[in-house]
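S.K.: Okay, here's the prediction I keep looking at, along with the sequence it came from:
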Amino acid sequence: MTETAGKPATGYIYVEMTIRDPDRFKQYTALSAPAVQAAGGRYVVAGVKPQVLEGTFGAHRVVVVQFPTLEQARSFYHSAAYQAARQRRQGAAEFKMLLLEGAA
């Protein structure tokens, strides 16, 4: 974990998603959003369709969630609350999810 002036680095979770079953996906978000909030996260980009400036992009939506620290972002992903949401999402959407450390 990188620290700047004694302050831990901000953590981000970046998600590219392609939704296959919108009704089942709503069940996922009903569980995942409270899990984000409980872990101290906030949505910086909430499920928008990106505008491609260069290259190609195939996902339907992008989400970026900010956490006060990288460790809180990691803990969110491994939490029982999020893992329950993740199980509900299986088959409803395809995700690419990345853990990112914020710049100093």
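M.R.: Ah, there it is.
S.K.: Which stretches in the chain count as helices?
M.R.: Counting by DSSP state H, the segments of the chain that form helices are 22-38, 70-78, 80-89.
S.K.: Now do the contacts for residue 66.
M.R.: When contacts are counted by Cβ atoms under 8 Å, 6 or more residues apart in numbering, residue 66 touches 10-12, 41-44, 102. Any C-beta I mention is one placed from the backbone N, CA and C, and that applies to glycine too.
S.K.: Among those, name the buried ones.
M.R.: Among these, those buried by neighbour count (16 or more other Cβ atoms under 10 Å) are 10-12, 41, 102.
S.K.: quick one: which of these is nearest residue 75?
M.R.: Taking Cβ to Cβ as the measure, residue 75 lies nearest residue 11 of the buried ones among the contacts of residue 66, at 9.3 Å.
S.K.: does that closest one have beta-bridge partners, and which?
M.R.: Residue 11 has the following beta-bridge partners by DSSP bridges: residue 67, residue 101.
S.K.: Verify the contact between it and residue 67 for me.
M.R.: Yes: assessed by Cβ atoms under 8 Å, residue 11 is found in contact with residue 67 at 4.2 Å.
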